[in-house]
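> Here you go, sequence then predicted model.
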Amino acid sequence: MPDTLTIIDNRTGKQYELPIGYGVYPEYGSFIRGADLRQIKAGPDDFGLLSYDPAYMNTASCKSSITFIDGDRGILRYRGYPIEELAERSNFLEVAYLLLRGELPTAQQLERWTWEVTHHTFVHESIKKFMDGFHYDAHPMGALVGTVAALSTFYPEARNISDPEIRARQIVRLVAKMPTIAAFAYRHRVGMPYAYPDNDLSFAGNFLNMMFKTTELKYQPNPVLERVLNVLFILHADHEQNCSTSAMRNVGSSHADPYVCVAAAAAALYGPLHGGANEQVLRMLQEIGSVDRIPEYVRRVKAGEFRLMGFGHRVYKNYDPRARILRELAPQVFEVTGRNPLLDIAVELERIALEDDYFISRKLYPNVDFYSGIIYQAMGFPVDMFPVLFAIPRVAGWLAQWEEMLEDSEQRIARPRQVYTGADERHYVPLEERGA
Ligand code: CMC
């Protein structure tokens, strides 16, 4: 059986044979090259056939060896390792290393990597002053996007994106400084003095320190919450070619420096259909308010008034494996923090939705955002920090994808085609001749 696709153009009667390519799994990710369609022309002046695919519903924009998702079977793996194993046995910095370098580190490599990230957590004092300029109630995600972009002006060497050593330096800086900027954005919003990084603490523990330290001389993170935050960071570290990662690759394809690329990716993440969804889930659960009001809310969702936030996914047509891990993790958090009453509403909402034909027929299951918000809230994070908490670990995935894109000889500046639907050529009419 030849690995080709035969196409007959009924306009001309011509037949074309296009090669079929494969990823590692023959049954998952077979493709034809979009550019091969260009030879299909109705006449000599024809530009050639385009594939029209708004929102990239069925377009592979790259080959990638970082993350594998099988949305129908609810599978997520980083560099081949199942997300469940990483969540249970690894920590965020080890997973970040895995995503960025392709292999789990040796003990020595992990020690070096952890030391490097830990010793780049401080930001320039002028960054602190820059952040002081934000309005007192600035949304921390807006502050994060703006401040990460501003880092570009502090590290002009970052523009040299073709030097792997310079790239590696910026990667360490970005992974290390994201939590600091995120925590500073929060402290500015609540009018608290900034808490500086504590190099004795773990990546997650230090973030809790920068968020919540008050008058104590040394902040001691709760070990359960530190571990849960690690798991949350692992679950959010990468998710192949989603909206923000595509933004990272798109902006990076113009050879912009990694700081402005990460700012663009974080801006994409901010939207309520992407990383902003966990914030919306919390607001939705608060609006529902009590279990007895769920049926009426679901009725309005089905009537098309609004969407059930934290449900549905472009890729997962099954339970999101990250949501499953978080659902099991939630009770551990509540043992420390006390039960979040919104959990009862969430569990009942999930039960009702999963029995309803509207959701079953559309394969709408809880996604990662459905439970993450309830956990974050119980841990003391304000709702508008939720997308920021998503961005902190995702920077590892964005940067891994950015590096892969830069080293891929097939990648060039991202530049989609369009199907023009506007006016044919017409001529300028002077203002006084245009009528009323
Ligand atoms: N509630 C109610 N109906 C929904 C929902 C929802 N959350 N999601 C999709 N649908 C319906 C939609 O109305 C459509 O129905 P119909 O065929 O009758 O018109 C059908 O399901 C297919 O929806 P779609 O908009 O074509 O699906 P999509 O792949 O373009 O959208 C999505 C994916 C995640 C944007 C969408 O499911 C959604 O808006 N969910 C709520 C927001 C959310 O939770 N986002 C977080 C995603 S996970 C975190 C991340 O990776 O960013």
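Done, it's in.

> For the ligand, give me its nearest residue in this structure.
G312 (2.4 Å; C-beta to the nearest ligand atom). Backbone N, C-alpha and C define where each C-beta goes, glycine included.

> Spell out which parts of the protein neighbour the ligand.
239, 242, 273-275, 277, 301, 307-314, 362, 364, 367-369 (C-beta under 6 Å from any ligand atom).

> got the contact list for the residue nearest to the residue of the chain closest to the ligand when sequence neighbours are not counted?
Counting by C-beta to C-beta, 6 or more residues apart in numbering, G312 lies nearest to L364, which is 4.4 Å off, once chain neighbours are set aside. Residues near L364 by C-beta atoms under 8 Å, 6 or more residues apart in numbering: L308, F311, G312, A353, Y358.

> Quick check: of those, which has the highest neighbour count?
Counting neighbours by other C-beta atoms under 10 Å, F311 leads these with 24 neighbours.

> quick one, phi/psi of the nearest residue to that one once chain neighbours are set aside?
Spatially, and ignoring its direct neighbours in sequence, F311 is nearest to L364 (4.9 Å; C-beta to C-beta, 6+ apart). Listed backbone geometry of L364 is phi -100, psi 110, with angles given as degrees, to the nearest 10.

> From I161, how far out is L364?
40 Å (C-beta to C-beta, to the nearest Å).

> what's the distance between the lengthiest helix in the chain and the middle of its chain?
Secondary structure assigned by DSSP state H gives helix 164-190 as the longest helix of the chain. Distance, stretch centre to chain centre, for helix 164-190: 16 Å (C-alpha atoms, centre = their mean, to the nearest Å).

> now do stretch 391-403
8 Å.

> What mean pLDDT does that stretch get?
In this model, stretch 391-403 has a mean pLDDT of 98.

> same question, stretch 292-303
95.

> And the contacts of it?
Contacts for stretch 292-303 (C-beta under 8 Å, 6+ apart): E287, I288, F306, R307, L308, I345, E348, L349, I352, A353, D356, Y358.

> Quick check, the second one in contact with I345.
When you say that, I think you mean I288. Yes: assessed by C-beta atoms under 8 Å, I288 is found in contact with I345 at 5.5 Å.

> So what does T114 look like in phi/psi?
Dihedral angles (degrees, to the nearest 10) for T114: phi -60, psi -40.

> Next: C62.
phi -160, psi 170.

> And Y81, by the same measure?
Y81 has phi and psi values of phi -90, psi 130 when expressed as degrees, to the nearest 10.

> what's near enough to touch it?
L98, L104.

> Would you state the strands of the chain in chain order?
Assigned strands in the chain, in chain order: 4-9, 14-19, 67-70, 75-78, 81-82 (criterion: DSSP state E).

> Disregarding residues adjacent in the polypeptide, which is nearest to A400?
L99 (4.3 Å).

> hang on, I meant F130
Nearest to F130 is A150, by C-beta to C-beta, 6+ apart, at 5.5 Å.

> follow-up on the earlier one: what residues sit buried inside the longest helix of the chain?
166-167, 169-189 (16 or more other C-beta atoms under 10 Å).

> what does stretch 125-132 give?
Buried, per 16+ other C-beta under 10 Å, within stretch 125-132: I127, K128, F130, M131.

> export the residues you listed to a markdown table and tack on pLDDT?
Converted to a markdown table, these look like this (pLDDT from 0 to 100):
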| residue | pLDDT |
| --- | --- |
| I127 | 97 |
| K128 | 95 |
| F130 | 97 |
| M131 | 97 |
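
> just to revisit the earlier point, check the residues of the chain next to the ligand for burial and list the buried ones.
Buried among the residues of the chain next to the ligand (16+ other C-beta under 10 Å): 239, 242, 274-275, 277, 301, 308-313, 364, 367-369.

> Among these, which lie within helices?
Filtering those for helices - DSSP H - leaves A277, V301, V368, D369.

> List just the nearest of the residues you listed to G422.
Using C-beta to C-beta, A277 comes nearest to G422 of these, at 34.0 Å.

> For that closest one, give me the pLDDT.
Listed pLDDT for A277 reads 85.

> Please look at the residue nearest to F130 and K128 and confirm they touch.
No: if you go by C-beta under 8 Å, A150 and K128 don't touch, sitting 11.3 Å apart.

> re earlier: and the gap between the residue nearest to G312 and L354?
In terms of C-beta to C-beta, L364 sits 9 Å off from L354.

> Next, give me the two most distant ones among the buried ones among the residues of the chain next to the ligand.
Maximum pairwise distance in these, criterion C-beta to C-beta, is 24.5 Å, between H239 and V301.

> shaky segments in the stretch 51-200 of the chain?
Counting by pLDDT under 70, the stretch 51-200 of the chain contains no low-confidence residues.

> Helices of that one, residue ranges please.
83-89, 92-101, 107-118, 125-132, 140-154, 164-190 (DSSP state H, counting those that start in this stretch).

> Which residues does the fifth one contact?
Helix 140-154 has contacts (C-beta under 8 Å, 6+ apart) with 124, 126-127, 130-131, 134, 158, 173-174, 177-178, 181-182, 184-186, 188-189, 257, 259-260, 262-263, 266-267, 270, 276, 384-385, 387-388, 391.

> Next: the fourth one.
Around helix 125-132, the neighbours that count as contacts under C-beta under 8 Å, 6+ apart are A143, T147, A150, L151, F154, I181, F184, A185, H188, Y194.

> run the last query once more with 10 Å
With C-beta atoms under 10 Å, 6 or more residues apart in numbering as the test, helix 125-132 has contacts from 122-124, 138, 143-144, 146-148, 150-151, 153-154, 177, 180-181, 184-185, 187-188, 194, 196.

> Show the contacting residues for N209.
By C-beta under 10 Å, 6+ apart, the contact list for N209 reads 179, 183, 195-198, 200-202, 216, 218-221, 226.

> Give me the distance between it and P393.
Applying C-beta to C-beta, the value for N209 to P393 is 17 Å.

> F130 now?
24 Å.

> From F311, how far off is the closest residue to A265 other than its chain neighbours?
Once flanking residues are discounted, A265 sits nearest to M248: 3.9 Å by C-beta to C-beta, 6+ apart. Note on M248: its distance to F311, by C-beta to C-beta, is 26 Å.
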